[in-house]
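> structure for the following, please:
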Amino acid sequence: MIAGAGVWKKKRDDLKAKRNALFETYTRDPQNFHLAREIKAIDDEIAECTQQVEQERRAEHAASPATKLATTSK
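Below you'll find the predicted structure:
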């Protein structure tokens, strides 16, 4: 994994921790729509980070096709 993907993954993990804590509170008070909106916003950010991680991984794999060929041919 390249450095960029690592940064996005760390941000995603931090957001997940924040989201999980908020969700615990929300399960005790499901009428709290403010929390629901905040959780939704964090979910959107998590999705963006996941997309960035995947783009970084695809770019990394596309940049090294010779490595793939060398490891798959026997």
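
> so what's C49 closest to, chain neighbours aside?
Distances taken as Cβ to Cβ, 6 or more residues apart in numbering put R12 closest to C49, at 3.7 Å, once the chain neighbours are dropped. Yep, even glycine has a C-beta here, placed from its N, CA and C like the rest.

> number of nearby residues for that neighbour?
The burial count assigned to R12 is 19, neighbours taken as other Cβ atoms under 10 Å.

> what residues sit buried inside whichever helix or strand it is part of?
Counting by DSSP states H and E, the secondary-structure element that holds R12 is helix 3-28. If you call a residue buried by 16 or more other Cβ atoms under 10 Å, then helix 3-28 has these buried ones: A5, W8, K9, K11, R12, L15, R19, L22, Y26.

> from those, which two are the most distant?
When Cβ to Cβ is used, the two most widely separated members of the buried residues of helix 3-28 are A5 and Y26, lying 30.1 Å apart.

> which strands and helices sit next to the top helix by length along the chain?
Counting by DSSP state H, the longest helix found in the chain is helix 33-63. Contacting helix 33-63 under the criterion 3 or more Cβ pairs under 8 Å, 6 or more residues apart in numbering; DSSP states H and E are the following elements: helix 3-28.

> for the helix it packs on, give the mean pLDDT please.
For helix 3-28, mean pLDDT is 93.

> look up how far T27 lies from K40.
With distances defined as Cβ to Cβ, to the nearest Å, the gap from K40 to T27 amounts to 15 Å.

> show me what contacts the residue positioned nearest the centre of the chain?
With the centre of the chain defined as its mean C-alpha position, the nearest residue by Cα atoms, centre = their mean is T50, 3.1 Å away. Under the criterion of Cβ atoms under 8 Å, 6 or more residues apart in numbering, the contact list for T50 reads R12.

> if anything else comes up later, I'll come back, but that's it for now.
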